[in-house]
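Colleague: I'll drop the sequence and a predicted model, then ask my questions.
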Amino acid sequence: MIDPRRLRLEIRAIAERVRRRGVELDVGHFEKLDGRRKQLQADVERLRNERRSASKRIGAAKAAGEDISPLVAAVGDLGTRLGAVSTEFDEVRQALDDFAKGIPNPPDDSVPPGDGEDDNVELRRWREAPEFNFEPKDHVSLASASLDLEAAAKISGARFSVLKGPLARLHRALTQFMIDTHVREHGYEEVYVPFVVDRDILVGTGQLPKFEDDLFAIVGDRDQFLIPTAEVPVTNLIRDTILNPGELPLRFVAHTPCFRSEAGNYGKDTHGIFRQHQFEKVEMVQIVRPEDSWDALDELTGHAEAILRKLELPYRAVALCAGDLGFAAAKTIDLEVWLPAERRYREISSCSNFLDFQARRMLARYRSADSGRPDYVHTINGSGLAVGRTLIAVLENYQDGTGVVHLPDALRDYMGGISRLEF
RNA sequence: GGAGGGGUGGCUGAGCGGACGAAAGCACUGGUCUUGAAAACCAGCGAAGGGCGACCUUCCCAGGGUUCGAAUCCCUGCCCCUCCGCCA
């Protein structure tokens, strides 16, 4: 969330920056609401002050054994008046809060301009896309014996999958390999977290209130949702806390299923398991001091890249343009892996710096060493990596044209010594 | 599922209708002392919002209610602990 004070003082400048995303703020509406808020706040505070002093006088009179009934009568309808004014005050404040929570994070100045995917800027490539001396198959035709999309459709509908035998094992091996690497080599603490969360938690990381359609809601009295990413429960681990500066940075890695209803994506990537309602992801989350967040973003992106390099998968890093940025991110670097069957790079990781945007919503702070006062932490996260998409990349990049997939060395131990899969 | 006990500042914990934003301790910050450190002593020290400012308002799990007045009383919800039952 935007700093409410800044919103008040420099809403036009903020509107200008948010416009880079293609989002238009209703400045007039905001100024009208905030003007009303000021008036009401002054009224409420004045009435409360009156009530307070009157009650104190009554208390003092009573203690002195005096008759308090004239004083009580003098208070009159103060309570009723206060009630009416504070009701309206609450409504206006709520409206302002909704307005503020609906504003996306302004893009960092380093974010390239643009409206969508085509305007993203390539930063670097690792390993050029390989040439095959045969027509590379896509993951569906390659692994059809172990990939049962019909069974999944019968159970849960489109965009779910059933993996069997070697494919299920490879999927699990990739997950273990990623977590172990981040824990052993990159200094992350592994965490296991709930996959069902309350509404507030999703407001904290920015999925709500705006994007409810993208989520699976749980039926029940409690207003809960399935997580769309581990970012949600993991980042919220530090909500409502004030950390000591010595505790930072915090680095968490979690493996969770992710559930996305993918509203608005009908007809997109319908082939195979590239875009699913349920998929697995290994997610890295860092909680850092404000001055460290940009370095942390580079570092975390490097940790995701390390997985691709160990798996020897060709990829490129891309800076998302302003129009392609997620709601809460100030800047995002996507990693895109080469998929031979599609002959193009596809997203496999998304690493973002949220600055204090999520921290403000979650009330996640640390006690600054200089000022001694609580200040918002910065949050960073990124996939390391999306497991299903990594599975696709391994299958397609390591096929030899005879229906055999040769596994990268890094997975050998996780596959019980097996070095090739035959389908 | 049944029966009890609780949720108070960064932490522990007292207060249980009126001068309470809240005792005390710990932690933290500054000072005295010391070659330095520790100890001891002295002082300071919650958060959010508003105002140029003196200052004002709000916050004792959350939401309602009673009252001139609620951390304190009542109702509902959530969470934690203890015992019993059941269960992976």
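Modeller: Alright, I've got the coordinates. Everything numeric in this text was worked out from a predicted model, so none of it was measured.

Colleague: where does chain A have low pLDDT?
Modeller: Low-confidence segments of chain A (pLDDT under 70): A:369-372.

Colleague: Going along the chain from the helix or strand containing A:V44, find the next helix or strand for me.
Modeller: According to DSSP states H and E, A:V44 maps onto helix A:27-63. Sequence order places helix A:69-75 as the next helix or strand after helix A:27-63, per DSSP H and E.

Colleague: What is that following helix packed up against?
Modeller: helix A:27-63 (3 or more C-beta pairs under 8 Å, 6 or more residues apart in numbering; DSSP states H and E). For every residue, glycine as well, the C-beta is placed using N, CA and C.

Colleague: Pull out the buried residues from the helix it packs on.
Modeller: A:30, A:33-34, A:36-37, A:40, A:43-44, A:47, A:54, A:58, A:61 (16 or more other C-beta atoms under 10 Å).

Colleague: Could you point out which of those residues is nearest to RNA strand B?
Modeller: Among the buried residues of helix A:27-63, A:I58 lies closest to RNA strand B (C-beta to the nearest atom of the strand), at 3.6 Å.

Colleague: roughly how far apart are the residue in chain A positioned nearest to RNA strand B and A:E50?
Modeller: Nearest residue of chain A to RNA strand B (C-beta to the nearest atom of the strand) works out as A:G59 at 3.0 Å. To A:E50, A:G59 is 15 Å away according to C-beta to C-beta, to the nearest Å.

Colleague: cool, A:R127 as well?
Modeller: 74 Å.

Colleague: which residues are in contact with stretch A:288-300?
Modeller: A:245, A:248-250, A:284, A:286, A:331, A:333, A:351-353, A:355-356, A:366, A:375-382, A:384 (C-beta atoms under 8 Å, 6 or more residues apart in numbering).

Colleague: List every C-alpha atom in it, with coordinates, as CSV.
Modeller: Extracted in CSV, the C-alpha atoms of stretch A:288-300 (Å, rounded to 0.1, in the frame of the first residue of the first chain):
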residue,chain,number,x,y,z
VAL,A,288,15.3,-7.2,4.4
ARG,A,289,16.2,-3.7,5.6
PRO,A,290,15.0,-1.1,3.2
GLU,A,291,18.6,-0.1,2.1
ASP,A,292,19.3,-3.7,1.1
SER,A,293,16.3,-4.6,-1.0
TRP,A,294,17.7,-3.9,-4.5
ASP,A,295,20.8,-6.0,-3.8
ALA,A,296,18.6,-8.7,-2.4
LEU,A,297,16.5,-8.8,-5.6
ASP,A,298,19.6,-9.3,-7.6
GLU,A,299,20.8,-12.0,-5.2
LEU,A,300,17.5,-13.8,-5.1
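
Colleague: ok now it, how far from the chain's centre?
Modeller: Relative to the chain's own centre, stretch A:288-300 is displaced by 16 Å; criterion: C-alpha atoms, centre = their mean, to the nearest Å.

Colleague: What residues of that stretch count as buried?
Modeller: For stretch A:288-300, by 16+ other C-beta under 10 Å, it's A:288-289, A:292-294, A:296-297, A:299-300.

Colleague: again, but for stretch A:82-100
Modeller: Buried-residue list, stretch A:82-100, by 16+ other C-beta under 10 Å: A:82, A:85-86, A:89, A:92, A:95-96, A:99-100.

Colleague: quick check, it touching RNA strand B?
Modeller: No - against RNA strand B, stretch A:82-100 shows no contacts by C-beta under 7 Å from any atom of the strand, the least distance being 7.6 Å.

Colleague: Count the neighbours of A:V193 for me.
Modeller: Neighbourhood size, A:V193 [other C-beta atoms under 10 Å]: 17.

Colleague: looking at this, it is in a helix?
Modeller: No - A:V193: not assigned to a helix; according to DSSP: H, G, I helix; E, B strand; the rest coil it is coil.

Colleague: element containing the nearest residue to A:A217 once chain neighbours are set aside, please.
Modeller: Spatially, and ignoring its direct neighbours in sequence, A:A217 is nearest to A:F225 (5.4 Å; C-beta to C-beta, 6 or more residues apart in numbering). Using DSSP H and E, A:F225 maps to strand A:224-226.

Colleague: now check that strand, is it near RNA strand B?
Modeller: No - Strand A:224-226 lies apart from RNA strand B when judged by C-beta under 7 Å from any atom of the strand; the minimum separation is 10.5 Å.

Colleague: how is chain A carved up into domains?
Modeller: In terms of domains, chain A is parsed into A:26-101, A:117-422 (source: automatic domain parsing).

Colleague: Point out the most buried one among those domains.
Modeller: domain A:117-422 (a mean of 18; mean count of other C-beta atoms under 10 Å).

Colleague: Give me the distance from that one to the chain's centre.
Modeller: Distance, centroid of domain A:117-422 to centroid of chain: 11 Å (C-alpha atoms, centre = their mean).

Colleague: quick one on the thing from earlier: what's the strand holding A:F225 packed up against?
Modeller: strand A:196-198, helix A:199-205.

Colleague: want to throw these into JSON lines with distance to A:I179?
Modeller: What follows is the helices and strands packed on strand A:224-226, written out as JSON lines (distance: least, C-beta to C-beta, whole Å):
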{"stretch": "strand A:196-198", "distance to A:I179": "21"}
{"stretch": "helix A:199-205", "distance to A:I179": "21"}
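
Colleague: mind putting the ones you listed in TSV, distance to RNA strand B included?
Modeller: Output for those, formatted as TSV (distance: least, C-beta to the nearest atom of the strand, whole Å):
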stretch	distance to RNA strand B
strand A:196-198	9
helix A:199-205	10
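
Colleague: All set, thanks.
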